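Q: kindly generate the corresponding structure for this input.
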Amino acid sequence: MNVKKTFCIILLVFILFSTITLVSADDDRSYSIDQAFIDLTVENNGLLHVDEQYDYAFEGKFNGVYRDIPLKSGESIENIKVSAKGAYPVLQESYDGNTKHLKIYLYSDAAHTKGIRDCKVSVFISYDLKNVVTLFNDVGGLQYKLWGDEWDVGVGKMYATVNLPGNENNEYFLNPQEYNHTSKLQGNKITAETTSIPKGELYELLVLMPIDDFNNATYAKHVNQNGRDMIMKNLDESISGRNFWNTSYLIMGLLSILSPVGAIFTYLRYGREPKVTYNGIYERDLPTNDPPEVINALVENKKDIGTPNMKGFESSIMNLIDKKVFKLFTENNEFSDTNDLILTFNHDKINELSSSERIVFNTLEHFSRDNALNLSQLNSELSSEYEAKWFMGQIESWQDEVKNSVDTSQYFDDTGSTLISGIAIGGLIFGIIFAILGIMTNLINGMYALIGGVFLIIFSIALLYLDEDIFGRWTESGRTFYLKWNNLKKFLKDNSLIKEHPPESIVVWKKYLIYGSALGVADQVYKSMKLQVPNISDYDDDLFRYHYYGGYSMMYSAFQTGETAANPSSDSGGFGGFGGGSGGGGGGAF
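A: This next block holds a predicted model:
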């Protein structure tokens, strides 16, 4: 069954059952978190010490619980300790670069041979966080999710205690306010008690402290700007926005049926693909002679067909290496045992380049010294906000050049995808209009409207994120073009196929690498090549050298750094906005 038919079936199921409450299947075990106790201590050196207690009630057999603690950029966690009352815990830690994962096995015996069953267990977790407290020029701030929105279940009640470094001029805010039961500030201590917090909701603390309460705050994040006015503005906007949407969701159900009906009509009218005679299973040869960045724009980037993405930029670099426009060599790094990958520029070939290739050439040359670019150091170059913004501007210019070089309408009819975007956006707009009207009525069917409104929002957002060719369609020639290139991608991904039909020459392997990069499967091609050509390292070729020494990963890391550094406001400019704090995360039982 193809993707489009599957989508239509799912769409019909949504329409038939959008207002029916789904009841989960009976399970032979369950658990709840009856209470949670969170104790925070803000040290005057900026360190945040956290003590957590979760009171679990288990029905049935369980192996343990887990706790996920997200860490924002620059934050770190240390001194993790775990204990339990009612069970014997064993901690297993892991970290994926964004989240610290704590897996706590619980045993009913000290020998750790028996799991737990039908019991109550209190789990205690403590740890230290660095770079969570933020010191502005005029105020110190802590924004922390006391309860995260990623827990598998809600909590019956939560009790929080926050110990501050100073006794005077402290301010605190707890959001969302509907979960506040009691709270107070006495001296340097904040205490709070909540009502029950359901699954999927968060509860967040914002504390403002005098800057003089901190001394030699090496464990705090320092931001060289005034923060108080910005924080209060973000806080007020967040609270106002939440209140507005809470009201709007109640009556959005009035439009819940219009968006799916419009989507079905659009698909039936504009989304069904034309029939073509091509029925190939895979392709071994390049189906066309188009540049790799064009193939990336038309085949790989299905979110915006005709616009290339970073994989296309990478494939253009590799193509220029193959054309000898870029040359590579390595040199020893005096500070480590690794080799740096150096790229040089052949200016004699610049007149042979297309307009988009010239942008690639000029972009990399900008970061060179004496006609040489150390790719191993490009990541650090792009950590500068100025350089990152210039780099991202070049990427946008390159995307425009590639897009303008191709008449996308010859390949793809975007009428349906354009209509779907209008349906999704229009559904949100009409929902807001009906929300205003709903304020003026006393109708008792608010729950039905809420169910329909949530469905409409989720459905509309989902429509905006769908691939363009779900509701748009390829032209007859474009469909054949897409199928052939997609079949080449399948061939390149399947090592067994390459093993059965290996290329006859290294030249073909190089084309596979270049176009595999454009199609997002360069790593699979290189792995297959190493299996099929054991002596690949004997070939003195810059394209192989680029992959062997990690040029692909270096450029990917540089892209990520450039994108982040070009938008520095995401680090501290949103401080105070609801949901932007540290901590939080979630957990559950297994």
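Q: remind me which residues of the stretch 101-250 of the chain are low pLDDT?
A: 241-250 (pLDDT under 70).
Q: need the helices for it, in chain order.
A: 228-249 (DSSP state H, counting those that start in this stretch).
Q: ok, residue 358 - contacts?
A: Neighbouring residues of residue 358 by CB atoms under 8 Å, 6 or more residues apart in numbering: residue 350. Backbone N, C-alpha and C define where each C-beta goes, glycine included.
Q: return the set of buried residues in the host helix or strand of residue 470.
A: Secondary structure assigned from DSSP states H and E places residue 470 in helix 468-471. Of all the residues in helix 468-471, those buried under the rule 16 or more other CB atoms under 10 Å are 468-471.
Q: just the residues you listed now: which is nearest residue 460?
A: residue 471 (13.5 Å; CB to CB).
Q: quick one: contacts for that closest one?
A: 263, 266-267, 270-271, 416-417, 419-420.
Q: mind putting the buried residues of helix 468-471 in TSV, distance to residue 127 included?
A: Shown next, in TSV, are these (distance: CB to CB, whole Å):
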residue	distance to residue 127
468	45
469	47
470	45
471	48
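Q: between the residues you listed, which sits nearest residue 309?
A: Using CB to CB, residue 468 comes nearest to residue 309 of the buried residues of helix 468-471, at 13.4 Å.
Q: my guess is the closest one contacts residue 414. True?
A: Yes - contact criterion CB atoms under 8 Å: residue 468 and residue 414 qualify, at 6.2 Å.
Q: any common contacting residues for these two?
A: Common contacts of residue 468 and residue 414, defined by CB under 8 Å, 6+ apart, comprise residue 305.
Q: check which element follows the helix holding residue 470 along the chain.
A: Immediately after helix 468-471, counting by DSSP H and E, sits strand 473-474.
Q: so what are the sheet partners of that next one and their directions?
A: Paired neighbours of strand 473-474 in the sheet (DSSP bridges): strand 412-413 (antiparallel).
Q: near residue 299, how many other residues are there?
A: 24 (other CB atoms under 10 Å).
Q: nope, residue 212 is what I meant
A: 12.
Q: ok, it touching residue 167?
A: No - using CB under 8 Å, residue 212 makes no contact with residue 167, being 11.8 Å away.
Q: how about the helix holding residue 470 as PDB, C-alpha atoms only?
A: The C-alpha coordinates for helix 468-471 follow below in PDB (Å, rounded to 0.1, in the frame of the first residue of the first chain):
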ATOM      1  CA  GLU A 468       4.500  18.500  -0.600                       C
ATOM      2  CA  ASP A 469       3.800  15.400  -2.800                       C
ATOM      3  CA  ILE A 470       1.000  14.100  -0.500                       C
ATOM      4  CA  PHE A 471      -1.500  16.700  -1.800                       C
END
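Q: now do it, average pLDDT.
A: Mean per-residue pLDDT for helix 468-471: 82.
Q: how far is it from where the chain is centred?
A: Relative to its parent chain, helix 468-471 has a centroid offset of 23 Å by CA atoms, centre = their mean, to the nearest Å.
Q: same thing with stretch 64-78?
A: The answer for stretch 64-78 is 17 Å, by CA atoms, centre = their mean.
Q: contacts for it?
A: Against stretch 64-78 from outside (CB under 8 Å, 6+ apart): 52, 54, 56, 89-90, 98-106, 115-116, 123, 125, 127-132, 148, 150, 221, 564, 571, 582-590.
Q: for the protein, give me the ranges with low pLDDT.
A: Along the chain, segments meeting pLDDT under 70 span 1-27, 241-255, 335-337, 427-454, 531-540, 568-580.
Q: residue contacts, the residue nearest the centre of it?
A: The chain has residue 98 as the residue nearest its centroid, 10.5 Å off, counting by CA atoms, centre = their mean. Shown in contact with residue 98 (CB under 8 Å, 6+ apart): 70-71.
Q: any idea how far it is from residue 204?
A: 19 Å (CB to CB, to the nearest Å).
Q: do residue 257 as well
A: From residue 257 across to residue 204, the span is 35 Å (CB to CB).
Q: more crowded one of the two?
A: Ranked by neighbour count (other CB under 10 Å), residue 257 and residue 204 place residue 204 first, with 25 against 15.
Q: can you give me the neighbour number for the nearest residue to residue 39 once chain neighbours are set aside?
A: Distances taken as CB to CB, 6 or more residues apart in numbering place residue 51 nearest to residue 39, at 4.1 Å, with adjacent residues excluded. Residue 51 has 15 neighbours, counted by other CB under 10 Å.
Q: residue 51 belongs to a helix?
A: No - secondary structure of residue 51, determined by DSSP: H, G, I helix; E, B strand; the rest coil: strand, with no helix assignment.
Q: for it, list the residues it contacts.
A: 37-41, 124-126.
Q: ok, residue 263 - contacts?
A: 11, 420, 423, 459, 463, 471.
Q: give me the buried entries from the contacts of residue 471.
A: Buried, going by 16+ other CB under 10 Å: 263, 266-267, 270-271, 416-417, 419-420, out of those.
Q: partners of the helix or strand where residue 41 lies, with directions?
A: Assigned by DSSP H and E, residue 41 belongs to strand 30-42. When pairing is defined by DSSP bridges, strand 30-42 lines up against strand 48-59 (antiparallel), strand 155-163 (parallel).
Q: which one of these lies closest to residue 178?
A: The minimum distance between residue 178 and the strands paired with strand 30-42 falls on strand 155-163, with 13.7 Å, by CB to CB.
Q: please state the offset of the closest one from the chain centre?
A: The answer for strand 155-163 is 29 Å, by CA atoms, centre = their mean.
Q: over to stretch 28-35?
A: 30 Å.
Q: give me the contact list for it.
A: Contacts for stretch 28-35 (CB under 8 Å, 6+ apart): 53-62, 151, 153-159, 589.
Q: now do the phi/psi pair for residue 80.
A: When quoted as degrees, to the nearest 10, the phi and psi of residue 80 stand at phi -80, psi 130.
Q: just the buried ones from the contacts of stretch 64-78?
A: For the contacts of stretch 64-78, buried by 16+ other CB under 10 Å: 52, 54, 56, 89, 100, 102-106, 115-116, 123, 125, 127-132, 148, 150, 221, 564, 571, 582-589.
Q: my guess is residue 41 contacts residue 163. True?
A: Yes - in terms of CB under 8 Å, residue 41 counts as a neighbour of residue 163; the distance is 4.4 Å.
Q: can you tell me, leaving aside adjacent residues, what's nearest to residue 416?
A: In space, and not counting its chain neighbours, residue 416 is closest to residue 270: 3.1 Å by CB to CB, 6+ apart.
Q: that neighbour reaches residue 412, doesn't it?
A: No - assessed by CB under 8 Å, residue 270 is found out of contact with residue 412, at 11.6 Å.
Q: any shared contact partners between those two?
A: Listed as contacting both residue 270 and residue 412 by CB under 8 Å, 6+ apart are 472-473.
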